[in-house]
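Chemist: can't give you the sequence, but here's the structure:
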């Protein structure tokens, strides 16, 4: 008989969620298990010890998995072949050379689970949890035994005994069990025999032979019916495994401190490289990276391998904001126990973004347009950008929503409908990777459109008693608006003369009669409206002369400049006549004087 002792190693310490120099597990969970292997006699011939180590990360991974079990079809998910395969490999390495090796291996696995204390457990647990917590009941023990047996390719089913609230397993063997104590019991599915293997019945390491062997059946189950639960849909792969070794303790392994680049802050969508080293190095061995967000369950990001120096690296990125915890793990091997790294904490936030806004031009007249241009950085194509404006200090109004082009640029042309100073800003709400952004506030001044008012007089020189017509236009045409006309005698002091309303063509006319001679200056003014600025006309000059008919009421006015007074022609004519008359008088006088001188000479 071979005596097989199993020692389970497990870190009892839970890591805190912070950076540490390393996370070398030295605390282990021990348990000794023994079983007999039939060798043709009842005498034990060998004794073996199995050492098993489970990482904290693997244990918590299974703790966080779904444990719901409402119907029979929920049980297969608890059978985890890959996770406990090293246990099966280590036990099989001893049993494979013995007579009836399949039966010997099955009995060895049963002796292992028989030594775990019985505690009613609900809901069921995964085998890794059972190994670590060292307790369970019939279904928990059956799930662990089934996992180990299936890890070596055995055909196993679960037997749920009807009316007994009990579970065991059925094992398909290539030969009838030889070491049962009494009749051999089995269940048949078609032509396939599944030998009953009872997984409960606590035994210590000193009386392992008293436990149930494959093919034996408790009396209360003989003749009972059972529901056979197929395990073809069980878990066949696991992110990591327990480590196990026969007859020698597992050597310690540990991680150096993990590092990451770039340093914080960490942004959604940003690539972050996680690096570390495991000692001693195990080139080509898998390293698993686990993560969890907040209080969610642990999940696997991915798997990589160590290089010749034990170094490894991962590239990760976070798909949403929040606090993430990451740790690396390797399962160990036949020589070394597994190890977990320290847990790294990452607070992932949305990456910042920038939006610009430029106004061209920033001073315009009403009726002109302003080009609003800007861009998003980093480039975000075909994104909605909202443009806002306000005329006071607080109230922003949505002006328009524009879309960026393929390079992240946007353009909007705005034509104001009022005058004043306007303030503008652009806003982008962000996306899954980047924070939104608001541009700096830009301002533009909108002035009224300029206008022109003219004034003209029908004659630049009139005589007192005559009238003159004052007229002009407003451009652009403004009909039915008031035009104020002013008059001055010196171009410094102006007096209001009259107010005139333009016609539909923006034209105005006023007839004026001066009351005294002299020089008069005229100008027109309009105050503008909501769209156009007011304007003041040029100055027009009028010369008012004295009347040609004496007027006792008036005083003759000085003549106007020659280039302004049409009456100058008459005055010039009079002067010419007088000059001609004077010349004639002089000529006559000269002639008479000449005749008299001749006469006097003759007398002498």
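Modeler: Thanks, I have the structure now. Since this is a predicted model, take the numbers as computed values, not measurements.

Chemist: hey, where'd the helices end up in the stretch 1-150 of the chain?
Modeler: 56-63, 85-95, 101-114, 127-133, 138-151 (DSSP state H, counting those that start in this stretch).

Chemist: Any idea how many residues pack against residue 444?
Modeler: 20 (other CB atoms under 10 Å). The C-beta positions use only the backbone N, C-alpha and C, and glycine is treated the same way.

Chemist: no, scratch that, I was asking about residue 417
Modeler: 10.

Chemist: repeat for residue 202
Modeler: 13.

Chemist: Next up, the contacts around it.
Modeler: Residues near residue 202 by CB atoms under 8 Å, 6 or more residues apart in numbering: 114, 115, 116, 117, 118.

Chemist: re earlier: now the helices of the stretch 1-150 of the chain in TSV, with mean pLDDT and distance to residue 239?
Modeler: Converted to TSV, the helices of the stretch 1-150 of the chain look like this (pLDDT from 0 to 100; distance: least, CB to CB, whole Å):
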stretch	mean pLDDT	distance to residue 239
helix 56-63	93	6
helix 85-95	93	13
helix 101-114	93	23
helix 127-133	94	11
helix 138-151	97	15
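
Chemist: Any idea which of the ones you listed gets closest to residue 389?
Modeler: Closest approach to residue 389 among the helices of the stretch 1-150 of the chain (CB to CB): helix 56-63, 55.2 Å.

Chemist: Who are the packing partners of that closest one?
Modeler: If you count contacts as 3 or more CB pairs under 8 Å, 6 or more residues apart in numbering; DSSP states H and E, helix 56-63 packs onto helix 127-133, strand 286-293, strand 322-332, strand 337-340.

Chemist: same thing but at 6 Å, please
Modeler: helix 127-133 (3 or more CB pairs under 6 Å, 6 or more residues apart in numbering; DSSP states H and E).

Chemist: Generate a ChimeraX selection restricted to the buried subset of the contacts of residue 202.
Modeler: To isolate the buried ones among the contacts of residue 202 in ChimeraX, judged by 16 or more other CB atoms under 10 Å, type:
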select :114,115,116
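
Chemist: To residue 193, which of the helices of the stretch 1-150 of the chain lies closest?
Modeler: helix 101-114 (13.0 Å).

Chemist: Tell me the buried residues in that closest one?
Modeler: Those would be 102-114, for helix 101-114 by 16+ other CB under 10 Å.

Chemist: between those, which is closest to residue 446?
Modeler: Among the buried residues of helix 101-114, and counting by CB to CB, the member closest to residue 446 is residue 113, at 86.6 Å.

Chemist: what about the residue nearest to the closest one when sequence neighbours are not counted, neighbour count?
Modeler: Spatial nearest neighbour of residue 113, chain neighbours left out: residue 141 (4.3 Å); criterion: CB to CB, 6 or more residues apart in numbering. Neighbour count of residue 141, defined by other CB under 10 Å: 27.

Chemist: For residue 13, report the pLDDT, please.
Modeler: Note on residue 13: pLDDT of 29.

Chemist: I'd like the numbering to begin with 496 instead of 1 from here.
Modeler: From this message on, residue numbering opens at 496, which makes the last subject residue 508.

Chemist: where does the stretch 946-1095 of the chain dip in pLDDT?
Modeler: Along the stretch 946-1095 of the chain, segments meeting pLDDT under 70 span 1043-1095.

Chemist: surely residue 941 meets residue 914?
Modeler: Yes. Residue 941 lies in contact with residue 914 (CB atoms under 6 Å); the separation is 5.0 Å.

Chemist: Those two - which one has more neighbours?
Modeler: More neighbours surround residue 941 than the other of residue 941 and residue 914, with 23 against 18 (other CB under 10 Å).

Chemist: list the residues that contact both of residue 941 and residue 914?
Modeler: Jointly contacting residue 941 and residue 914 under the rule CB atoms under 6 Å, 6 or more residues apart in numbering are residue 861.

Chemist: Identify the residues contacting the nearest residue in space to residue 912 that is not next to it in sequence.
Modeler: Spatial nearest neighbour of residue 912, excluding adjacent residues (CB to CB, 6+ apart): residue 861 at 7.8 Å. Contacts here follow CB under 6 Å, 6+ apart; on that basis residue 861 touches 914, 941, 943, 944, 1026.

Chemist: before we move on, the earlier item: by pLDDT, give me the weakest of the contacts of residue 697.
Modeler: For these, the pLDDT minimum is residue 610, 87.

Chemist: quick one: that residue from residue 842, how far?
Modeler: 46 Å (CB to CB, to the nearest Å).

Chemist: Okay, now the unreliable bits of the stretch 646-795 of the chain?
Modeler: 700-701, 703-704.

Chemist: now the strands for it?
Modeler: 650-656, 661-667, 681-684, 687-692, 721-724, 738-741, 749-750, 754-756, 761-762, 767-774, 781-788, 794-800 (DSSP state E, counting those that start in this stretch).

Chemist: Give the pairing partners of the fourth one; include direction for each.
Modeler: What it means is strand 687-692. Strand 687-692 pairs in its sheet with strand 661-667 (antiparallel), strand 681-684 (antiparallel), by DSSP bridges.

Chemist: Out of those, which is closest to residue 931?
Modeler: strand 661-667 (56.4 Å).

Chemist: which outside residues touch the closest one?
Modeler: 601, 633-634, 637, 640-641, 650-655, 682, 689-690, 692-694, 709.

Chemist: one step back: quickly compare the strands paired with strand 687-692 and say which is most buried.
Modeler: When the strands paired with strand 687-692 are scored by mean count of other CB atoms under 10 Å, the highest mean neighbour count falls to strand 661-667 (a mean of 25).

Chemist: what angle sits between it and helix 596-609?
Modeler: 160 degrees (axes from the mean of the first three to the mean of the last three CA atoms, to 10 degrees).

Chemist: rewinding a little: among the contacts of strand 661-667, which ones are buried?
Modeler: 601, 633-634, 637, 640-641, 650-655, 682, 689-690, 692-694, 709.

Chemist: quick one: which of the strands paired with strand 687-692 is nearest residue 817?
Modeler: strand 661-667 (40.4 Å).

Chemist: and the closest one with strand 650-656, angle?
Modeler: Using the same axes, to 10 degrees, strand 661-667 lies at 150 degrees relative to strand 650-656.

Chemist: and strand 661-667, how far from the chain's centre?
Modeler: Centre-to-centre, strand 661-667 and its host chain are 53 Å apart (CA atoms, centre = their mean, to the nearest Å).

Chemist: Then stretch 831-851?
Modeler: 17 Å.

Chemist: Please spell out which residues along that stretch are buried.
Modeler: 831-839, 841, 843-846, 848, 850-851.

Chemist: could you pull out the helices for the stretch 946-1095 of the chain?
Modeler: 1063-1098.

Chemist: what's the domain layout of the chain?
Modeler: 497-741, 749-844, 850-942, 947-1040, 1067-1092 (automatic domain parsing).

Chemist: and the end-to-end length of stretch 903-921?
Modeler: In stretch 903-921, first residue to last residue: 13 Å (CA to CA, to the nearest Å).

Chemist: what does it rub up against?
Modeler: In contact with stretch 903-921 (CB under 6 Å, 6+ apart) are residues 850, 852, 861, 864-871, 874-875, 880, 882-886, 895, 897, 899, 933-934, 936-941, 943.

Chemist: would you say residue 907 is within a strand?
Modeler: Yes. The assignment for residue 907 is a strand, going by DSSP: H, G, I helix; E, B strand; the rest coil.

Chemist: what about it, how many residues close to it?
Modeler: Counted with other CB under 10 Å, residue 907 comes out at 18.

Chemist: swap in residue 968?
Modeler: Residue 968: 20 neighbours (other CB under 10 Å).

Chemist: who's in contact with it?
Modeler: Contacts of residue 968 (CB under 6 Å, 6+ apart): 949, 1001, 1002.
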